[in-house]
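**Student:** Turn this into a structure:
(one chain, ligands or ions: 2)
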Amino acid sequence: MELYLGIDFGTSGARAIAINREGIIQSETQYAFDESQAGTPAPQDNSAPQDNLAKIWQQALFFLIQEIPSQVRSQIKAISINGTSSTVLLCDTAGNPIDEPILYNDARGIEVMDKVREIAPPNHTVISATSSLAKLLWWTQQPVFANAKYFLHQADWLAFLLHRRLGITDYHNALKLGYDVEQLCYPKWLENLEISIQLPSVIAPGTPICEVTTEIANNLGLKRNCVVCAGTTDSIAAFLASGATSPGEASTSLGSTLVIKLLSSTRVDDAKYGIYSHRLGNLWLVGGASNTGGAVLRQFFTDTELENLSREIDAKKESLLDYYPLLKAGDRFPINDPNLPPRLEPRPENPVEFLHGLLASIARIETRGYQLLQQFGATPLTRVYTAGGGAKNPTWTKIRHRYLQVPILPPVNTAAAYGTALLAMRGVSN
Ligand SMILES: Nc1ncnc2c1ncn2[C@@H]1O[C@H](COP(=O)(O)OP(=O)(O)O)[C@@H](O)[C@H]1O
Ligand SMILES: O=C(CO)[C@H](O)[C@H](O)COP(=O)(O)O
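**Tutor:** Ligands and ions are numbered 1, 2, ... in the order given. All right, here's what the predicted structure looks like:
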């Protein structure tokens with residue numbers, strides 16, 4: 001039997017799911033990052049150093065694959081990997097990171113926004129302090145850049161560890177670098193950038209790249225002809241896992257962050273609000289990614305507390321608490337402002353009331369996001385599928401439904417890794 005492996009590198013951990021041709025799960029493995037390793041921004045004082053992230057990711061990748069039962073592992077025909085979007089690495093000629101990776105929500109790009117605005121067209125997706133282009137331009141101003149050869153996204157670098165072909169990415173990960181997903185090329189304004197490194201060559205997500213190396217096949221117990229396919233981003237993988245196929249259907253990822261994706265016949269981009277469109281076949285995944293989400297909840301509650309306290313919330317009652325839940329200043333969508341302050345006061349004594357306020361406030365941000373997408377011309381919203389850790393909270397689903405006013409339906413699978421496994425399967429079946 002031929003199996004297909006999807007590997008999801010999210011914020012709080014990584015997960016791998018192997019499926020058969022019918023989409024039936026044959027194996028699931030996971031690897032949790034600890035606080036200092038997770039993608040959530042270090043506390044204001046940066047007390048939790050995020051050093052050697054790339055080494056941790058490599059450990060996680062090999063652990064996830066080796067944890068798959070050998071009789072399943074030996075039948076894997078294709079692998080695809082998704083990472084968090086605009087998490088990037090600077091590498092030398094051998095593909096070794098020469099600096100710490102810059103994570104998706106790291107807004108150090110604020111220091112080069114004048115340069116970004118100077119080179120990119122007005123209101124372009126890259127005009128964001130967290131865009132991959134902003135991070136690249138920031139790196140060009142650092143001494144370490146003298147030793148740089150490749151600029152890669154997290155998913156590209158992890159796939160490279162399996163196939164050893166450097167400098168290959170997919171057009172989902174490349175969007176925030178400035179890649180033109182309509183013309184399927186780098187725009188002239190980006191190609192004319194005088195920088196001494198190679199931008200990754202861009203292929204369609206899921207496209208077969210090449211087989212795993214002999215060393216990887218032997219060390220990880222994979223078939224020698226196991227093919228590594230181009231990847232995608234975590235929120236698009238979640239959309240693929242939902243089973244949504246018609247314009248108007250949407251997926252909300254309630255993971256460490258809140259990310260919405262609305263399948264639309266029309267493309268919508270507006271950097272002012274952090275709205276951008278990914279290409280999906282001949283349609284558009286219109287959406288945005290907020291820094292609000294589960295990582296803020298985890299600051300106050302364990303997963304078990306979330307489950308128990310949520311059961312005590314009356315979802316029919318409105319919470320009068322109006323928060324903007326963030327771990328630290330800065331959001332990307334629906335308010336694209338790197339200085340936006342968190343709003344988490346007043347904090348009631350009763351933890352149930354406080355949690356109710358948090359869940360309702362994140363639901364309001366989600367609803368505001370979908371309203372904006374439709375206001376700018378995206379296909380009207382008809383239904384929402386939920387992915388991520390928050391998908392398992394029925395109280396939150398009821399609260400969100402009251403705001404969204406469209407059905408919130410169970411997805412085919414809530415895990416991004418499942419969507420990435422589908423990508424690998426389709427990649428080698430086409
Ligand atoms: N019952 C729950 N209700 C709401 N949120 C939850 C619940 N259980 C877990 N979470 C949240 O889910 C998040 C992890 O989801 P996950 O999809 O693994 O995120 P990511 O891949 O972005 O790290 C955590 O931030 C946690 O707070
Ligand atoms: O928030 C994130 C991490 O979970 C990413 O930014 C998320 O993947 C959204 O980016 P994209 O829309 O490009 O997939």
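**Student:** Tell me the helices and strands packed up against the host helix or strand of L372.
**Tutor:** Element membership for L372 (DSSP states H and E) is helix 351-375. Counting by 3 or more C-beta pairs under 8 Å, 6 or more residues apart in numbering; DSSP states H and E, the packing neighbours recorded for helix 351-375 are strand 249-254, strand 258-264, strand 283-290, helix 294-300, helix 303-311, helix 394-404. Bear in mind the C-beta positions are built from the backbone N, C-alpha and C, glycine included.
**Student:** ok, residues contacting the last one?
**Tutor:** Defining contact as C-beta atoms under 8 Å, 6 or more residues apart in numbering, one finds that helix 394-404 is touched by 252, 254, 310-311, 313, 315-316, 356, 359-360, 363-364, 366-367, 370, 381, 384, 386, 390-391, 407-408.
**Student:** now swap in stretch 207-218 and tell me
**Tutor:** Residues contacting stretch 207-218 (C-beta under 8 Å, 6+ apart): 78-79, 159, 161-165, 168, 170, 203, 220, 222-230, 427-428.
**Student:** and the residue in the chain sticking out farthest from the centre, what pLDDT?
**Tutor:** Largest separation from the mean C-alpha position in the chain: E349, at 34.2 Å (C-alpha atoms, centre = their mean). Here, the pLDDT recorded for E349 equals 98.
**Student:** pretty sure it is in a helix, no?
**Tutor:** No. Using DSSP: H, G, I helix; E, B strand; the rest coil, the assignment for E349 is coil, not a helix.
**Student:** Distance of it relative to I168?
**Tutor:** Distance, E349 to I168, by C-beta to C-beta, to the nearest Å: 54 Å.
**Student:** Also A155?
**Tutor:** Here A155 is placed at a distance of 10 Å from I168 (C-beta to C-beta).
**Student:** Please apply the same query to E111.
**Tutor:** Between E111 and I168 the distance, using C-beta to C-beta, works out to 29 Å.
**Student:** Can you pick out the residue with more neighbours from the two?
**Tutor:** I168 (21 against 13; other C-beta atoms under 10 Å).
**Student:** hang on, isn't the more buried one packed against A230?
**Tutor:** Yes. Between I168 and A230 there is a contact under C-beta atoms under 8 Å: 6.9 Å.
**Student:** any idea what sits nearest the residue of the stretch 1-150 of the chain found nearest ligand 1, other than its immediate chain neighbours?
**Tutor:** Per C-beta to the nearest ligand atom, G10 is where the stretch 1-150 of the chain lies closest to ligand 1, at 2.2 Å. Distance criterion C-beta to C-beta, 6 or more residues apart in numbering; nearest residue to G10, sequence neighbours excluded, is D234 at 5.3 Å.
**Student:** how many other residues sit next to the one you found?
**Tutor:** By the measure other C-beta under 10 Å, the count of residues near D234 is 33.
**Student:** I'd say it and S256 touch.
**Tutor:** No. The criterion here is C-beta under 8 Å, and D234 misses it with S256 at 9.7 Å.
**Student:** Identify the contacts common to those two.
**Tutor:** Residues touching both D234 and S256 by C-beta under 8 Å, 6+ apart: G10.
**Student:** Look at A42 and report its pLDDT.
**Tutor:** In this model, A42 carries a pLDDT of 42.
**Student:** repeat for E194
**Tutor:** In this model, E194 is scored at 85, pLDDT.
**Student:** Over to the spatially closest residue to A241 that is not a sequence neighbour. Which of the three states is it?
**Tutor:** Nearest residue to A241, sequence neighbours excluded (C-beta to C-beta, 6+ apart): G419, at 3.5 Å. When classified by three-state DSSP, G419 comes out as helix.
**Student:** gap between F33 and F300?
**Tutor:** Relative to F300, and taking C-beta to C-beta, F33 is found at 19 Å.
**Student:** again, but for T130
**Tutor:** According to C-beta to C-beta, T130 and F300 sit 24 Å apart.
**Student:** Please identify which of these two sits among more neighbours.
**Tutor:** More crowded of T130 and F300, by other C-beta under 10 Å: T130, with 27 against 16.
**Student:** For my notes, confirm the more buried one occurs in a helix.
**Tutor:** No. Using three-state DSSP, the assignment for T130 is coil, not a helix.
**Student:** my guess is it meets Y104, correct?
**Tutor:** Yes. If you go by C-beta under 8 Å, T130 and Y104 touch, sitting 6.5 Å apart.
**Student:** Give the residues shared as contacts by those two.
**Tutor:** When contacts are counted by C-beta under 8 Å, 6+ apart, T130 and Y104 have S86 as shared neighbours.
**Student:** picking up where we left off before, please type out the ChimeraX selection for whichever of the contacts of helix 394-404 turn out to be buried.
**Tutor:** Those of the contacts of helix 394-404 that count as buried under 16 or more other C-beta atoms under 10 Å are selected in ChimeraX with:
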select :252,254,310,313,315,356,359,360,363,364,366,367,370,381,384,386,390,391,408
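**Student:** Low-confidence ranges, the protein, go.
**Tutor:** By pLDDT under 70, the weakly predicted segments of the chain are 35-51.
**Student:** Kindly report the residues of it close to ligand 2.
**Tutor:** Remark: the part of the chain in contact with ligand 2 comprises 11, 84-85, 104, 233-236, 255, 257, 259, 287, 289, using C-beta under 6 Å from any ligand atom.
**Student:** same thing but 8 Å
**Tutor:** 10-11, 39, 84-87, 104-105, 130, 172-173, 175-176, 232-236, 253, 255-259, 261, 276, 278, 285, 287-291, 293, 332 (C-beta under 8 Å from any ligand atom).
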